[in-house]
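S.K.: return a 3D structure for these sequence lines:
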Amino acid sequence: MPAAGTGTGRKVVIAHPYVPESAIAAVVEVLRGRFIGQGPLVDKFEREFEKVFDLPEGSAVAVNSGTAALELAYDLVGLGPGDEVLTPILTCTATNIPLVRRHCKVVFSDIRQDTLTIDWNDALSKSSAARAIVSVNLHGINAAYVANGDAIRRFHFSGLRVITDACQSLGQFGYDLTACSFQAIKHISTGDGGMLICHNPDDAAKARLWRWFGIDRTKKLSNDWQPYKNRQILFDIDYPGYKFQMTDIAAAMGLAGLGEYPAIMQARETIFNIYKACGLPLVDGPDNTYGYACLLVDNRDEFCSRMNSAGIETNVMHVRNDAYKIFHPFRTRLPGMDAVEDRYICIPMHNRMSSADAIYVGEIARRILEDICHTRDT
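M.R.: Numbering: from 1, shown residues only. Okay, here's the model as predicted:
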């Protein structure tokens, strides 16, 4: 093992798409067929997704990104100008940008210093005028599982809609609306894609309609696409929807990914456990799906510089959202976020890594942290 933080010629990237050979073959088959846009494979992907994750039939609505799933969720809740929405300060901006575009009042909640997920007690203290709360499973940690049980119950019984952003935590679902992502570096990748899980059948029906301009594709199919033949309008549009539908190309990749889901999860857990065995200060929590591997370190800049010298990529992945100009009007005092702002950092976690890669990353990180600690204490 080389000295900690020295050049080796080895390179371990922080993230990498995982596309099984079966997905490549499935996409080729789609490209040679009739349907490359939304077709029968999208329906099949939705049904298989429900089976794999034991979800109610008809609850899964496939879309073209996790962000699209959040957009539809916010529309289903009916969020608009002036509506207060509780949301964590630390998340991908895709969680909160759609709220700003709706001219909502974003109410940033603090985060727990151990899991970096939303602090439910802080959110509860700010909830008197809120219409909804967004629970983000950051880095793969289920925010609801680390919540104060009484706080969760009070949110549900108060009538607030709870939207779960599970774009980094495939396999975790909330009790209301849940957004999932199949973006390039997620557990299962479809190039880009997403799924909205609606536990209310009425929500699912609306989401299917709204993902394609507000047009009911089933009616068009049942009428054999007659408008194109006789120029008659046999359906109407009641809601100005989006072009959020998934394609059969993406669905083919998703179906292949579902077939490998147990192995994908096992490999990520193995990497995480190797890091844990190396004694790294990992951010962890119950029901972890290992979306990212995040550490809490001192002297973060030095740590990252020396990891980079050893050929190991690091990244914060996300920054506190109020650092961006569009969120400046919603700034508030958040001591939990302040305490960890300069300490959290992500290290490699993806399904192109081998166990040897993980051991290399873990041992180098451990030695660098030991050196930093020794230098600080002397």
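
S.K.: could I get the contacting residues of the closest residue to Thr247 other than its chain neighbours?
M.R.: Closest residue to Thr247 apart from its sequence neighbours, by C-beta to C-beta, 6 or more residues apart in numbering: Gly37 at 5.2 Å. Any C-beta I mention is one placed from the backbone N, CA and C, and that applies to glycine too. With contact taken as C-beta atoms under 8 Å, 6 or more residues apart in numbering, Gly37 is in contact with 245, 247-248.

S.K.: residues near Gly82, how many?
M.R.: 11 (other C-beta atoms under 10 Å).

S.K.: that older thread, by neighbours, which of the contacts of Gly37 wins?
M.R.: Asp248 (26 neighbours).

S.K.: shaky segments in the stretch 251-378 of the chain?
M.R.: Filtered on pLDDT under 70, the stretch 251-378 of the chain yields the residue ranges 377-378.

S.K.: change it to 80
M.R.: Per-residue confidence for the stretch 251-378 of the chain (pLDDT under 80) gives these ranges: 374-378.

S.K.: next: the stretch 51-200 of the chain.
M.R.: Looking at the stretch 51-200 of the chain by pLDDT under 80, you get 146-158.

S.K.: for the biggest helix by length in the chain, packing partners?
M.R.: Longest among the helix segments of the chain by residue count, using DSSP state H, is helix 355-377. On a contact count with 3 or more C-beta pairs under 8 Å, 6 or more residues apart in numbering; DSSP states H and E, helix 355-377 meets helix 261-277, helix 300-309.

S.K.: packing partners for the shortest one?
M.R.: Counting contacts by 3+ C-beta pairs under 8 Å, 6+ apart, helix 300-309 is packed against strand 344-347, helix 355-377.

S.K.: quick one: buried residues of whichever helix or strand comes after that helix?
M.R.: Scanning forward in sequence from helix 300-309 by DSSP states H and E, the next helix or strand is helix 335-340. By neighbour count with 16 or more other C-beta atoms under 10 Å, helix 335-340 contains the buried residues 336-337, 340.

S.K.: including distance to Ile312, could those go into a markdown table?
M.R.: Listed next are the buried residues of helix 335-340 as a markdown table, based on distance: C-beta to C-beta, whole Å:
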| residue | distance to Ile312 |
| --- | --- |
| Gly336 | 28 |
| Met337 | 26 |
| Val340 | 21 |
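
S.K.: for stretch 67-80, list the C-alpha coordinates in PDB.
M.R.: This file holds the C-alpha atoms of stretch 67-80, laid out as PDB (Å, rounded to 0.1, in the frame of the first residue of the first chain):
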ATOM      1  CA  THR A  67     -37.300  15.700 -11.300                       C
ATOM      2  CA  ALA A  68     -40.400  15.100 -13.400                       C
ATOM      3  CA  ALA A  69     -41.700  12.800 -10.700                       C
ATOM      4  CA  LEU A  70     -41.300  15.700  -8.200                       C
ATOM      5  CA  GLU A  71     -43.000  18.200 -10.600                       C
ATOM      6  CA  LEU A  72     -46.000  15.900 -10.900                       C
ATOM      7  CA  ALA A  73     -46.100  15.300  -7.100                       C
ATOM      8  CA  TYR A  74     -46.100  19.100  -6.400                       C
ATOM      9  CA  ASP A  75     -48.900  19.500  -9.000                       C
ATOM     10  CA  LEU A  76     -50.900  16.700  -7.400                       C
ATOM     11  CA  VAL A  77     -50.600  18.500  -4.000                       C
ATOM     12  CA  GLY A  78     -51.800  21.700  -5.700                       C
ATOM     13  CA  LEU A  79     -48.800  23.800  -4.700                       C
ATOM     14  CA  GLY A  80     -48.900  27.400  -5.900                       C
END
